[in-house]
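Sharing a model prediction with you, sequence too.
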Amino acid sequence: MLRWFQDLADRGVFTTDESLAVRSWNGWLEAQTGWPEEAVIGKPVSEVIPGFAERGLERYYREALSGEIRLLSERFHKYLLPISRSFHTAGLTEMAQSARIAPLLSGTRVIGTITVIDDVTERVISERELRNQISVSERARQVAEEASRLKDEFLATLSHEIRTPLNAVLGWTRILRTQPNIRSRTHALEVIERNAASQLRLVEDLLDMARVISGKLRLDIQTLSLARVADAAIEVIRPAADARQITIERHFDAELPPVNGDEDRLQQVIWNLLSNAVKFTEPGGTVSVTVRRDGDHVEMCVLDTGEGISREFLPFVFDRFRQADSSTSRRHGGLGLGLALVRQIVELHGGQVTVFSDGPKRGSSFWIRFPIGAGGVIAHTVADSRPVTLHGISVLIVDDNDEARELLGIALEQYGAAVTSVSSAPHALEHLRGTRIPDVLISDVAMPESDGYDLIRHVRTLPGAVHNIPAIAVTAYANPDDRIRALVAGFHRHLPKPVDPAVLAATVANLVPSAARRQD
């Protein structure tokens, strides 16, 4: 029977006497260690098993001599025994072992111990891989659940951000219709305008983020003054700041080098930072804007005395769709896109954006840095913008939508322009072949049968002065590709809807400088 144990081919077996000296050593152990049985016989088991004392194995062998059986936990060993061939042969494969230590009996008397060692490497590796797969699956599930949670939160927030201004617009519109003599008419119009503008910003942020994700956000790079762009953004945000009794402080170096950038996109960056600062600053607080030179960079800081940012949320400030508070009880609206767009646009310009805060109720500061562009130093002054007048300018408006056509006409007439409106490209061409050619052509793009692109291409083939008529595309197709397509087709300017009447009037005046007049 003893010899049967010794000759087991698929596992290691060795025995000891009552003094725990090795008495037998089977062929499996000879093959694994490279040591023959005669070299091991008589050695204490403490010299045969690696880490005998450290692993507390003597207790197991003493218990086996007392008649108990012990099972050692599976573990990987780079070598089986201290006399293993691993001391002589590099790169011995690791082995997972399971060992049973039991009493060796002669009849009913214990005469020593028997140790059976199994190679369970394949099973342990399989179980480890299964655990890893389960772990990976669990992590994937957690990531999917987090993504689903963020998506649900985003959709809920989006619904809220769309419905809230719509409620104000539709509600006040219905009140004005049913109560034309209401005393709060001016207030109602202000609410409608403010909420419509809020929806426009929401749509623009969503479209911009989609362009960023798809790699289609294009920049019109020019040499410009960052201070001038910052001043323009400050003037846009100042009414909101004044309404909340928030002071905007301005600290600009008198002379600054230019930077290379897209003026509209950089104004969007600064406006987002200022809007964020005003939104999170309590009434009576301060927002400070600094523009200065720092070595070979121009940097701007927007510093506020507002709510600050927690240490936990600080690393996620620029992540899209992330908000410090996304609960239904949150105090501030928004989709969590503004700062994500800030980072994307700044980095597309080769710049850097960073944020600092000492924690809640301790304010925050956002820094943006851009490399100095070509050109010399720009002495910064705030532009004096006088109102535009369009007296003496005739305009032809082409739009198949009656309300859009009426709106553009009223907007230009209030600046003094003489307006003619038609509903289709054929009617426009008929008018342009008349005896009096208008000074400016304004056309929608999406129209049935013959669109705005067809119209302007046809106009550019007409003989005489009408061939060079200044033309503006006013359209809801507002992507950069749409702008390029309009300019290539023959339009001089591309204005996305909804268009600001002041911007439209200024664009007309710039296209017809000989006919435009400015108020003294």
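The structure has been received and is ready for your questions. Since we're looking at a predicted model, the values are computed, not measured.

Show me the shaky parts of the stretch 151-300 of the chain.
Within the stretch 151-300 of the chain, the stretches falling below the threshold (pLDDT under 70) are 153-161, 180, 182-183, 212-216.

what ranges do the strands span in it?
Using DSSP state E, counting those that start in this stretch, the strands found in the stretch 151-300 of the chain span residues 222-224, 247-252, 255-256, 259-261, 286-294, 297-304.

buried stuff in the first one?
For strand 222-224, burial by neighbour count (16 or more other C-beta atoms under 10 Å) applies to residue 224. Placement of C-beta: from N, CA and C, glycine included.

hmm, who's touching that strand?
Residues external to strand 222-224 that are found in contact with it (C-beta atoms under 8 Å, 6 or more residues apart in numbering): 258-263, 266, 373-375.

filter those to the buried ones?
Judged by 16+ other C-beta under 10 Å, buried ones among the contacts of strand 222-224: 258-263, 266, 373.

Adding distance to residue 491, write those out as TSV.
Below are the buried ones among the contacts of strand 222-224 laid out as TSV (distance: C-beta to C-beta, whole Å):
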residue	distance to residue 491
258	29
259	29
260	26
261	25
262	20
263	20
266	25
373	29
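
about what we covered before: out of the strands of the stretch 151-300 of the chain, deepest packed?
Ranked by mean neighbour count, these are led by strand 259-261 with a mean of 23 (mean count of other C-beta atoms under 10 Å).

which helices and strands does it pack with?
strand 222-224, helix 226-243, strand 364-371 (3 or more C-beta pairs under 8 Å, 6 or more residues apart in numbering; DSSP states H and E).

redo that, cut-off 10 Å
Contacts defined by 3 or more C-beta pairs under 10 Å, 6 or more residues apart in numbering; DSSP states H and E place strand 259-261 against strand 222-224, helix 226-243, helix 263-279, helix 338-348, strand 364-371.

what lines up beside the last one in the sheet?
I take that to be strand 364-371. strand 297-304 (antiparallel), strand 352-356 (antiparallel) (DSSP bridges).

List the buried residues of that strand.
Buried, per 16+ other C-beta under 10 Å, within strand 364-371: 364-370.

Determine which two of the buried ones among the contacts of strand 222-224 are furthest apart.
Farthest apart among these by C-beta to C-beta are 258 and 262. That separation is 13.5 Å.

now residue 397: how far from residue 490?
Separation of residue 397 from residue 490 (C-beta to C-beta, to the nearest Å): 17 Å.

do residue 272 as well
Taking C-beta to C-beta as the measure, residue 272 falls 34 Å from residue 490.

So for the residue lying farthest from the centre of the chain, what's the pLDDT?
Within the chain, the residue lying farthest from the chain centre (C-alpha atoms, centre = their mean) is residue 107, at 76.8 Å. Residue 107 is assigned 84 on the pLDDT scale.

Ok, the one 3 residues further on next?
The predicted local distance difference test score for residue 110 is 91.

can you check residue 115 too?
You'll see residue 115 listed with a pLDDT of 89.

ok, it to residue 21 distance?
13 Å.

ok, now residue 193?
Residue 193 is 98 Å from residue 21, by C-beta to C-beta.

neighbour-wise, which of the two wins?
residue 21 (18 against 11; other C-beta atoms under 10 Å).

which residues in the stretch 401-520 of the chain form strands?
Using DSSP E, counting those that start in this stretch, the strands of the stretch 401-520 of the chain run over 418-422, 440-443, 471-475, 493-496, 517-518.
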